[in-house]
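Student: Predicted model and sequence follow; I will ask about them next.
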Amino acid sequence: MTKSQTTIVILIGVGTGIILVALVGIALYYSSSSPSPPPQATVLPSSTIEPTSPAATIPATLTPLPTNTPQPTSAPTPFPTPTRVSIAAGKIAFASDRSGDFDIYVMNTDGTGQIQLTSNPAMEESPTWSSDGSRIAFISDRDGDVEIYVMDADGSNQIRLTDSQGFDGDPAWSPDGTLIVFSSLRDDNSEIYVMNTDGTGLVRLTENEAHDWGPVWSPDGTRIAFVSERDGDAEIYVMNADGTDQINLSNSPTRVDTENPDLASNDKDPAWSPDGSLIAFTSDRHSTVSEETDTLNTEIYVMNADGTNQTRLTHHMGWDESPAWSPDGEHIVFIASVGASDWEVFRVDVEETIPVNLTNNPANDVAPAWSP
């Protein structure tokens, strides 16, 4: 469940807590109901960016927006509390507002050893690991607009990569560590772009009147999964790494809601399994609309990489979102609403064992990403 799909969500509420850009005013998706399109960003002279430095290298034959998370308005049914066990080595990066604003943290995979990496009075969110685990890309509005940054895995050497008047988010590294795919509003609509890891060689991959966001690379580097609203609701799509052959994978049916039968369901947050055979994602397809809060609950699902065998993984009367896989493919971390106004990072076995609360903090902990 990475996210970071995948950058059209982090956009409703303080859940993901992404008070993303009062300057840009974006709230793309993560809405309890059908996502509302974000406000228009400044339009650049051309819909397709002409790189001013060598274009990012993409195999010719290959294929939110960080989104806000809906703020809980009532206490959901809590998960049972299992015994905490030690899991595989590595780290989990996440964002938390426990210091007063959203910063990037890391912790051990059992939830211990939580360390703050950024400490800027601005927002830092949507961490994503480089393929070798040495660096973390993230978003921040520290320079007045939401842009993409990178830093070393210990929080040092923070460098800005993008510089546009539109919202840049959802960064995700290519498996070979040479490229970063992301979503941007720089061309008046949320589209998917790719660039070199130093910010040069910008190439636009999608060009659609609907919003496209949340891109994530397949483990073999040949495909990119992303979210699009082009079919009327948010669905999981896949394309070749050069932007060709864009296909709807999730094709989810109309939400099961007898009082609102015409409402479409929404699928988002695609995350590839390490072997590339599965994609985890978030959906509200089994949710109903609350007359009191007009919100939907979301769950984590898993499907084959070709869109078949879509299976529900979590069963929680709250919101479960932003899945991300462990390197061995045996676990998924995700965020879940706890109580009336709290988000926590949970870990669950793909065989549907009881989820484990890793962060267990009264603040909002969101956007988990498991290191390679």
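Tutor: Received the coordinates, thanks.
Student: What is the burial count for Trp213?
Tutor: Using other C-beta atoms under 10 Å, Trp213 has 35 other residues around it. Any C-beta I mention is one placed from the backbone N, CA and C, and that applies to glycine too.
Student: tell me the mean pLDDT for the helix or strand where it lies?
Tutor: Secondary structure assignment for Trp213, by DSSP states H and E: strand 212-217. Strand 212-217 shows a mean pLDDT of 98.
Student: And it, what does it pack against?
Tutor: With contacts defined as 3 or more C-beta pairs under 8 Å, 6 or more residues apart in numbering; DSSP states H and E, strand 212-217 has these neighbours: strand 168-173, strand 179-184, strand 191-196, strand 223-228, strand 267-272.
Student: Assess the claim that Phe346 and Ala324 are in contact.
Tutor: No - distance between Phe346 and Ala324: 11.2 Å, which falls outside the contact criterion (C-beta atoms under 8 Å).
Student: okay, and the common contacts of these two?
Tutor: Residues touching both Phe346 and Ala324 by C-beta atoms under 8 Å, 6 or more residues apart in numbering: Val333, Phe334.
Student: Compare these two and say which is more crowded by neighbours.
Tutor: The neighbour comparison of Phe346 against Ala324 (other C-beta under 10 Å) goes to Ala324, with 29 against 26.
Student: what pairs with the more buried one across the strands?
Tutor: Val333 (DSSP bridges).
Student: mind checking how far it is from Gly243?
Tutor: 24 Å (C-beta to C-beta, to the nearest Å).
Student: ditto for Ala271
Tutor: 20 Å.
Student: Looking at the two, which one has more neighbours?
Tutor: Neighbours per residue (other C-beta under 10 Å) separate Ala271 from Gly243, with Ala271 holding more: 30 against 19.
Student: what about the chain, any weak spots by pLDDT?
Tutor: Within the chain, the stretches with pLDDT under 70 are 1-89, 252-264, 288-296, 352.
Student: so which strand or helix has Met239?
Tutor: Per DSSP H and E, Met239 falls inside strand 235-240.
Student: any chance of the helices and strands packed on strand 212-217 in TSV, with distance to Gly155 too?
Tutor: Shown next, in TSV, are the helices and strands packed on strand 212-217 (distance: least, C-beta to C-beta, whole Å):
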stretch	distance to Gly155
strand 168-173	16
strand 179-184	19
strand 191-196	22
strand 223-228	28
strand 267-272	24
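Student: sorry, back to before: the strand holding Met239 pairs with which strands?
Tutor: Strand 235-240 has the following strand partners under DSSP bridges: strand 223-228 (antiparallel), strand 247-248 (antiparallel).
Student: Would you reformat these as JSON lines and include distance to Asp212?
Tutor: Below are those laid out as JSON lines (distance: least, C-beta to C-beta, whole Å):
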{"stretch": "strand 223-228", "distance to Asp212": "5"}
{"stretch": "strand 247-248", "distance to Asp212": "12"}
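Student: Highest mean neighbour count out of these?
Tutor: Mean neighbour count (mean count of other C-beta atoms under 10 Å) peaks for strand 223-228 among the strands paired with strand 235-240, with a mean of 28.
Student: And for it, what's in contact with it?
Tutor: Strand 223-228 is contacted from outside by 5-6, 8-9, 29, 62-63, 181, 183, 192, 205-206, 208, 210-218, 234-241, 246, 248-249, 267-270, 272, 279, using C-beta under 8 Å, 6+ apart.
Student: Ser126 is in contact with Ile136, correct?
Tutor: No - between Ile136 and Ser126 no contact is recorded; they are 10.0 Å apart, counting by C-beta under 8 Å.
Student: Compare those two (neighbour count), which wins?
Tutor: Between Ile136 and Ser126, counting by other C-beta under 10 Å, Ser126 is the more crowded of the two (40 against 28).
Student: Check which helix or strand the more buried one maps to.
Tutor: Per DSSP H and E: strand 124-129 holds Ser126.
Student: counting contacts, what elements does that strand pack onto?
Tutor: Where contact means 3+ C-beta pairs under 8 Å, 6+ apart, strand 124-129 is packed against strand 91-96, strand 103-108, strand 135-140, strand 168-173, strand 365-370.
Student: just the angle between the third one and strand 365-370, please?
Tutor: It refers to strand 135-140. Going by axes from the mean of the first three to the mean of the last three C-alpha atoms, to 10 degrees, strand 135-140 is angled at 160 degrees with respect to strand 365-370.
Student: do the second one as well
Tutor: Orientation check (the same axes, to 10 degrees): strand 103-108 against strand 365-370 gives 50 degrees.
Student: Using PDB, write out the CA atom coordinates for strand 103-108.
Tutor: The C-alpha coordinates for strand 103-108 follow below in PDB (Å, rounded to 0.1, in the frame of the first residue of the first chain):
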ATOM      1  CA  ASP A 103       7.900  15.900   9.000                       C
ATOM      2  CA  ILE A 104       9.600  12.800   7.700                       C
ATOM      3  CA  TYR A 105      10.500  10.000  10.200                       C
ATOM      4  CA  VAL A 106      11.900   6.500  10.000                       C
ATOM      5  CA  MET A 107      11.400   3.500  12.300                       C
ATOM      6  CA  ASN A 108      12.300  -0.100  12.500                       C
END
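Student: Can you give the strand pairings for that strand, parallel or anti for each?
Tutor: For strand 103-108, pairing defined by DSSP bridges yields strand 91-96 (antiparallel), strand 115-116 (antiparallel).
Student: Give me the contact list for the last one.
Tutor: In this case it means strand 115-116. Residues outside strand 115-116 that contact it (C-beta under 8 Å, 6+ apart): Ser99, Asp103, Ile104, Tyr105, Val106, Met107, Gly155.
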